[in-house]
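Colleague: below are the sequence and a predicted model; questions follow.
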Amino acid sequence: MSSIGTGYDLSVTTFSPDGRVFQIEYAAKAVDNSGTVVGIKCKDGIVIGVEKLIASKMMLPGSNRRIHSVHRHSGMGVAGLAADGRQIVARAKSEAHNYESTYGEPIPIKELAERVASYVHLCTLYWWLRPFGSGVILGGYDRDGPQLYMVEPSGVSYRYFGAAIGKGRQAAKTEIEKLKLSDMTCRQGVIEVAKIIYGVHDEAKDKTFELEMSWVCDESNRQHQKVPEALLEEAKAAAKAALEEMDAD
Amino acid sequence: MGNVITLMEESVLSTHKAEMDTLLTSKGDSQRTQYPYVTGTSVIGIKYKDGILMAADMGGSYGSTIRYKSVERIKQVGKHSLIGASGEISDFQEILKYLDELILHDNMWDDGNSLGPKEVHNYLTRVMYNRRNKFDPLWNSLVIGGVKNGHKYLGSVSMIGVNFEDDHIATGFGNHLARPILREEWREDLSFEEGVKILEKCMRNLLYRDRSAVNKIQIAKITEEGLTVSQPYSLKTFWNFAAFQNPTVGAEGSW
């Protein structure tokens, strides 16, 4: 999969002979090595879940948030370099605020995704800037209903029913494809996302992890917020039970 | 090429700074005192047993014309506070917009903390004072009240940045007509009904004596549990004084 781009990989403003920009591909590798982020679009909203790999036991649980609210109606889960992700979130917040200030309504998710993607892409055009080493899964609920987008370090952005980035994305995508998302409510979606994340977590290679989840749905009044404590615990329990079942086979 | 660098730096570094700047500086080249156009009259606030009560009428005057009669001059700010404004209504709308942004950003931290009335009051004091120093004031007198963690708070900020904190607060004419009543009758342990009665007494007095008062008032209540703004209602007034009967007796032809 990986190839050496000797000579053509020194700058983001250099194409290789076969038309690739290696710096962007290397930036994507930073995302691939981070904890998994999963997002799904259910019947009545969006659920985002993050496998937050804990670097040290000294860290306070609940700190180092990976999912951020961008506005009342939208949020994003970040994978890759945390500091780069913070910049993307800050920019998204600013765009959302400016749109509402000018047009008087919350920014449509499509517009927000375009602006974020545009900004990420901007940083791949100049040699004195490096590409963002983080990808985001952006979910929100506007008057066209719930929508899910993913923005990669290359600046590419697509709309998804289900998306995953990070270490366990291949396995996660397989699991997501098995789900019948159009029939699922977010309540059920939260349980499924928890199961997926617990499922793709590699106990051997990585240390412990913390599950962070958020949703925007009819139940949350179309506001982006952390999944309520009770439901989160229920999801974790269900995920652990599912794992044990698998191990038992 | 050079423009792009500054574009990037600006966007990356100064998003929040830009917001603060718009609030603190005047838009445009010259700074001068404004004139208010559509104004609201007094707001009265009192502390009572369970929290804060605030009253204001719903009038927006255009000079001496009572132009708007359904202006909501008391609004919610976050979970813990109420703000009431007298003065220029458009400046109040701007203040509400900025407070909305402040609360939104506070909520997005999602850290279990939320801005209370004392914090909002302090923020608005800084804003009003800084605008005054640029000779471009927000032409309002604001009353901030609320309850957070069991502590009741009631304060005011004027357009020149003077701020007070007290058990009962009024703006404009309320200072002259309502506060004397409150000084006499206010007690620490007023019940809700007693508080409303005192406020209605003050508002009635203002209705009689303040030419820009309108007989359509709202009373807002905020306690630890939450906040309610009443539906608009009218006060009963009495005009049947002997001196008002047969006003033209002894001066035929006058009106």
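Modeller: Arrived safely.
Colleague: near chain B, which residues of chain A are found?
Modeller: A:65, A:68-72, A:87, A:90-91, A:93-94, A:97, A:101, A:119, A:122, A:126, A:128-129, A:225-226 (CB under 8 Å from any CB of the partner chain). The C-beta positions use only the backbone N, C-alpha and C, and glycine is treated the same way.
Colleague: residue boundaries of the helices in the chain?
Modeller: No chain in the question, so chain A it is. A:22-32, A:82-103, A:109-122, A:169-178, A:186-200, A:229-248 (DSSP state H).
Colleague: I was after chain B.
Modeller: Under DSSP H, chain B gives helices at B:2-13, B:15-24, B:89-109, B:117-133, B:173-177, B:179-185, B:192-209.
Colleague: grab the nearest non-local neighbour of A:Glu114.
Modeller: Distances taken as CB to CB, 6 or more residues apart in numbering or on different chains put A:Ser157 closest to A:Glu114, at 7.0 Å, once the chain neighbours are dropped.
Colleague: pairing partners for that neighbour in the sheet, please.
Modeller: A:Ser157 forms beta bridges with A:Val151, as assigned by DSSP bridges.
Colleague: who are the contact partners of it?
Modeller: A:Ala113, A:Glu114, A:Val116, A:Ala117, A:Tyr149, A:Met150, A:Val151 (CB atoms under 8 Å, 6 or more residues apart in numbering or on different chains).
Colleague: B:Leu177 now?
Modeller: By CB under 8 Å, 6+ apart, the residues touching B:Leu177 are B:Ser42, B:Cys202, B:Asn205, B:Leu206, B:Arg209, B:Asp210.
Colleague: what is the nearest of the residues you listed to chain A?
Modeller: Of all the contacts of B:Leu177, B:Ser42 has the smallest distance to chain A: 30.4 Å, by CB to the nearest CB.
Colleague: give me whichever of the helices of chain A is most buried.
Modeller: Comparing the helices of chain A by mean neighbour count (mean count of other CB atoms under 10 Å in any protein chain shown), helix A:186-200 comes out on top with a mean of 24.
Colleague: off-centre distance for that helix?
Modeller: Distance of helix A:186-200 from the chain centroid (CA atoms, centre = their mean, to the nearest Å) equals 14 Å.
Colleague: could you list the low-confidence segments of chain A?
Modeller: Applying pLDDT under 70 to chain A picks out residues A:1-5, A:249.
Colleague: with the stretch 101-250 of chain B instead?
Modeller: For the stretch 101-250 of chain B, no range has pLDDT under 70.
Colleague: enumerate the residues of it near chain A.
Modeller: Counting by CB under 8 Å from any CB, the residues of the stretch 101-250 of chain B close to chain A are B:Glu101, B:Leu104, B:His105, B:Asn107, B:Met108, B:Asp110.
Colleague: ok, the first one touching A:His97?
Modeller: Yes - taking CB atoms under 8 Å as the contact criterion, B:Glu101 and A:His97 are neighbours in contact, 6.6 Å apart.
Colleague: coming back round to it: nearest to chain B among the contacts of A:Ser157?
Modeller: Among the contacts of A:Ser157, and counting by CB to the nearest CB, the member closest to chain B is A:Val116, at 12.4 Å.
Colleague: for that closest one, which residues are in contact?
Modeller: By CB under 8 Å, 6+ apart, the contact list for A:Val116 reads A:Ile88, A:Arg91, A:Ala92, A:Glu95, A:Val136, A:Leu138, A:Val151, A:Ser157.
Colleague: list the contacts for the nearest residue to A:Lys167 once chain neighbours are set aside?
Modeller: Leaving aside its sequence neighbours, A:Lys167 sits nearest to A:Thr36 (CB to CB, 6+ apart; 5.5 Å). Contact partners of A:Thr36, counting by CB under 8 Å, 6+ apart, are A:50-51, A:79, A:164-169, A:172, A:197, A:200-201.
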